[in-house]
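1. below are the sequence and a predicted model; questions follow.
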Amino acid sequence: MGRLFLVHLEGQLYSCRICRNNLANCDELVSKSFHCRNGKAYLFNSVVNVWTGPEEERMMTTGMHTVADIFCVCCSQIVGWKYVTAHEKNQRYKEGKLILERAKIIDDNTAESTADPHHIVSDADEA
C-alpha cells in the first residue's frame, strides 16, 4: 500500500466517526432529509478522502438507482454511497451526489466531536 494523501478541510466539517478523517465541508451539504437503513443521511455535492466501491443497482424508496458505496480512506468504514444514475426522471438531481450516513459521521463543530469516536449517538440523543 502506498502513502496516503489526505485532503484537510477548513471551516465547518463532517468527519468519519471512527478515525476523525475529514469527509465534507458544510458548504457542500445539499439536504439533511434523506434516510438509510441506519437512520438519517445527508446529501452532499462533494466529499473528500473516500474511495468508491463497485457500482450496483439498488432499489431505494424513491426508485431504482445505480449506486456505489463509499468508504473512508483511513479506516475503510462504509460511510455512505454515491448516486451514479437515477432511473426516474424526477430523481436525476441526485446523480453525481453523495450520501453520508449520519450514524457514520460526526459534526466537528459540536461538543459531540470530543466524545468517544466509537460511541454511536442515536438521533434521539442529538435532539
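-> Here it is on my side, so go on.

2. checking the spatially most central residue of the chain next. Helix, strand or coil?
-> Nearest residue to the geometric centre of the chain (C-alpha atoms, centre = their mean): residue 100, 1.6 Å. At residue 100 the chain is in strand, as set by DSSP: H, G, I helix; E, B strand; the rest coil.

3. equivalent analysis for the one 3 residues further on, please.
-> When the structure is reduced to helix, strand and coil (three-state DSSP), residue 103 reads as helix.

4. quick one, strands of this structure?
-> 13-16, 22-25, 29-36, 39-44, 50-60, 63-72, 78-86, 98-101, 105-107 (DSSP state E).

5. return the most buried member of those strands.
-> strand 98-101 (a mean of 24; mean count of other C-beta atoms under 10 Å). In short, each C-beta sits where N, CA and C put it, glycine included.

6. okay if I get the strands of the chain as a markdown table plus mean pLDDT and distance to residue 5?
-> As requested, these are exported to a markdown table (pLDDT from 0 to 100; distance: least, C-beta to C-beta, whole Å):
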| stretch | mean pLDDT | distance to residue 5 |
| --- | --- | --- |
| strand 13-16 | 96 | 16 |
| strand 22-25 | 96 | 13 |
| strand 29-36 | 93 | 24 |
| strand 39-44 | 95 | 21 |
| strand 50-60 | 96 | 12 |
| strand 63-72 | 97 | 14 |
| strand 78-86 | 97 | 18 |
| strand 98-101 | 97 | 20 |
| strand 105-107 | 94 | 21 |
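
7. still on that earlier bit, surely the residue nearest to the centre of the chain meets residue 14?
-> Yes: using C-beta atoms under 8 Å, residue 100 and residue 14 qualify as a contacting pair, with a distance of 6.2 Å.

8. need the overlap of contacts for those two.
-> Common contacts of residue 100 and residue 14 (C-beta atoms under 8 Å, 6 or more residues apart in numbering): 23-24, 42.

9. for the residue nearest to the centre of the chain, give me its contacts.
-> Counted by C-beta under 8 Å, 6+ apart, residue 100 has contacts 14, 23-24, 41-42, 44, 47, 79-80.

10. quick one: it from residue 37, how far?
-> 14 Å (C-beta to C-beta, to the nearest Å).
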